[in-house]
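**Q** just coords:
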């Protein structure tokens, strides 16, 4: 390995790398700013590429020959541990502490507005990286817009949750880690697998841990394959045709913006994911009977039919508890107060505030980078 590509990470910079990893993880989990864009803003993009490239032939050969000391000498181990430590903290934060997969259903205008603003800010950041704007860049942006419109028109509102499609989703979305401009979560949102991924991550640590891990496994395998297959190609593409590639990315983002426009009429279908029988007089059954079901959540529980309603005493009765999952099957964007399909219950100001916050977040990070 060349000296210029060796891992020069010191323990003194560990806290800063963890913080940068948290910001990258936040970008990866929040549709808008890609992890690659965040790495670019934070000034660690080249180091990230070199760290990914350190998982190379000599490393794999030494690793599988059980020459682990030699293998990890090739790998940028300290950089990757500190950075991915911060990424995993962000992952836990946005699935456990601030569960975005729930807020997307309960406060859609604010959440999607934030996503929309982050993407607008990303477009501006990418635009600043272009040294000049010629007819080639304009043409590539138009091509990117066409690709963006084509991609979102191809992907249906409802996509399968079988392992093959989840594998493909992981394979495609991981490219955003090394490609500035397109968020991996944004691609998952387009492919309608964003809430699926967060829901499975949210299961880990509870009674459904194994189910969550099984649901995530195809995605993780797809991500590993995608990273190995595309990382060097994307690195070469950005190095050889930087301005043209960035121009296509800008166009792609513009062309696919309407998918996460905060003001949309979203239609959902309910699916019973699981059914179990419990005692009619149990504390859980009584709680479900006395409380109002919040059907705005992406997943909730409700009481089903009583198994033996003719039993003389309630103590002998059993009742079904259904775990219901909501899936979006259709979405139609509109302009509040203008479009005919405008919803009177839309939180207009929530969407506006979300957009402004998203743009300010990206602008603030870019300002801090320039001052550092």
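**A** Arrived safely, thanks for sending. No experiment lies behind these values; they were computed from the predicted model shown.
**Q** How about residue 132: what's its closest non-neighbour residue?
**A** With Cβ to Cβ, 6 or more residues apart in numbering as the measure, residue 243 is the residue that lies nearest to residue 132, at 7.5 Å, once sequence neighbours are left out. (Glycine included, C-beta is placed from N, CA and C.)
**Q** quick one: the one you found and residue 258, what's the gap?
**A** Remark: distance between residue 243 and residue 258 (Cβ to Cβ, to the nearest Å) = 26 Å.
**Q** same thing with residue 79?
**A** 38 Å.
**Q** Compare these two (neighbour count), which wins?
**A** The neighbour count for residue 79 versus residue 258, taken as other Cβ atoms under 10 Å, is higher for residue 79 (22 against 14).
**Q** Please settle this for me: is that one part of a helix?
**A** Yes - when the secondary structure is assigned by DSSP: H, G, I helix; E, B strand; the rest coil, residue 79 falls within a helix.
**Q** quick one, strands of the stretch 151-300 of the chain?
**A** Using DSSP state E, counting those that start in this stretch, the strands assigned to the stretch 151-300 of the chain run over residues 264-279, 299-306.
**Q** quick one on the thing from earlier: you'd agree the residue nearest to residue 132 is up against residue 127?
**A** No - counting by Cβ atoms under 8 Å, residue 243 does not reach residue 127; the two are 10.9 Å apart.
**Q** more neighbours, these two?
**A** When residue 243 and residue 127 are compared on other Cβ under 10 Å, the one with more neighbours turns out to be residue 243, at 17 against 14.
**Q** list the contacts for that one?
**A** Residue 243 makes contact with 130-132, 136-137 under the criterion Cβ atoms under 8 Å, 6 or more residues apart in numbering.
**Q** Of the residues you listed, which is the nearest to residue 234?
**A** If you rank those by distance to residue 234 using Cβ to Cβ, residue 130 comes first, at 17.9 Å.
**Q** Would you verify that the closest one is located in a helix?
**A** No - with three-state DSSP as the criterion, residue 130 is located in coil rather than a helix.
**Q** Show the backbone phi and psi for it.
**A** When quoted as degrees, to the nearest 10, the phi and psi of residue 130 stand at phi -80, psi 130.
**Q** Please report the distance of the spatially closest residue to it that is not a sequence neighbour from residue 250.
**A** In space, not counting the residues next to it along the chain, residue 130 is nearest to residue 243; the distance is 5.4 Å by Cβ to Cβ, 6+ apart. Applying Cβ to Cβ, one obtains 10 Å for the distance of residue 243 from residue 250.
**Q** go on, residue 330?
**A** Distance check for residue 330 against residue 250: by Cβ to Cβ, it reads 29 Å.
**Q** Also residue 78?
**A** Per Cβ to Cβ, residue 78 is found 34 Å from residue 250.
**Q** rewinding a little: export the strands of the stretch 151-300 of the chain as TSV, with columns for mean pLDDT.
**A** Converted to TSV, the strands of the stretch 151-300 of the chain look like this (pLDDT from 0 to 100):
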stretch	mean pLDDT
strand 264-279	85
strand 299-306	89
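**Q** List the contacts of residue 42.
**A** When the contact criterion is Cβ under 8 Å, 6+ apart, the partners of residue 42 are 20, 23-24, 365, 369.
**Q** Only the buried subset of those, as a PyMOL command please.
**A** In PyMOL, a selection of the buried entries from the contacts of residue 42 looks like this (16 or more other Cβ atoms under 10 Å):
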select buried, resi 20+23+24+365
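**Q** Which pair of the contacts of residue 42 spans the longest distance?
**A** Of all pairs drawn from the contacts of residue 42, the widest gap by Cβ to Cβ lies between 24 and 369 and measures 13.3 Å.
**Q** Please produce a markdown table containing the strands of the stretch 151-300 of the chain, extended by mean neighbour count and distance to residue 108.
**A** Formatted as a markdown table, the strands of the stretch 151-300 of the chain follow (neighbours: other Cβ atoms under 10 Å; distance: least, Cβ to Cβ, whole Å):
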| stretch | mean neighbour count | distance to residue 108 |
| --- | --- | --- |
| strand 264-279 | 14 | 7 |
| strand 299-306 | 15 | 16 |
